[in-house]
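# Using only what follows, build the 3D model:
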Amino acid sequence: MTPSELVEAVEEAGGTLELHGEKVRYQMPPAATHLLEELRGQREEVKALLLERRISAALPPGVRLVCWQPKQPPIVLTRSSVVNDPAKFVEATLPQLRYTLDARRNCPYCRRVRGDQAGPGISLSLDEAREHNRHSFLAGNWSIRDLLERLEQVGLKLEVDNL
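Numbers count the residues shown, from 1 in each chain. This next block holds a predicted model:
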């Protein structure tokens, strides 16, 4: 049985599998306990599958998972960053990507810069400037391209629609 077939069999039997740090926690009905031995034998593969599921669920709208092959830590990122836990880095960076994409779609300043709103020059009201700065801050002041490159450096390749 492949890891995905095994996880599917557990779920179809009414069981649950969750990733908690480095451990796979499970709840299994008595009728499905025969799957435990196989789960133990495929622990690493099941962990990788559960992590990939978690990452896919956290992706912002319009972003597709292309490839998830975590690199071995420590990972030295450009701009002098070192990553010791690729999964935690991804979980922390995906919300930044979501904020950046939201700002690109909803921030009046960002829409004007892209040319979505015609008008001479770019001027902002104080409220618009605050909103733009809030989105930028929540995104860690990283651009979409920067965030995608950082994620790819730890092994997560994504594509963004309409970029």
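
# quick one: Pro74 from Val83, how far?
According to CB to CB, to the nearest Å, Pro74 stands 7 Å off from Val83. No exception for glycine: its C-beta is placed from N, CA and C like everyone else's.

# With neighbour numbers in mind, choose between the two.
A direct count of neighbours by other CB atoms under 10 Å for Pro74 and Val83 places Val83 higher, at 21 against 10.

# For the more buried one, give the beta-bridge partners.
Ile75 (DSSP bridges).

# Show me the helices in the protein, by range?
Remark: helices assigned in the chain by DSSP state H are 3-12, 36-41, 43-58, 86-106, 108-114, 126-138, 144-153.

# Dump those helices into CSV; add distance to Arg64 as well.
Output for the helices of the chain, formatted as CSV (distance: least, CB to CB, whole Å):
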stretch, distance to Arg64
helix 3-12, 19
helix 36-41, 29
helix 43-58, 9
helix 86-106, 12
helix 108-114, 22
helix 126-138, 22
helix 144-153, 12
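
# Show me the one of those that comes nearest Pro30.
Minimum separation from Pro30 across the helices of the chain (CB to CB) falls at helix 36-41, 11.2 Å.

# how about that closest one: buried residues?
In terms of neighbour count (16 or more other CB atoms under 10 Å), helix 36-41 has its buried residues at Leu39.

# count of residues packed around Leu35?
Residues contacting Leu35 under the criterion other CB under 10 Å number 18.

# What count of nearby residues applies to Arg134?
Around Arg134 there are 13 residues (other CB under 10 Å).

# need the helix or strand of the chain with the lowest average pLDDT.
helix 108-114 (a mean of 66; mean pLDDT, DSSP states H and E).

# Which residues outside stretch 60-78 are in contact with it?
Contacts to stretch 60-78, defined as CB atoms under 8 Å, 6 or more residues apart in numbering, come from residues 51-52, 55-56, 59, 82-87, 94, 97-98, 101-102, 149-150, 153-162.
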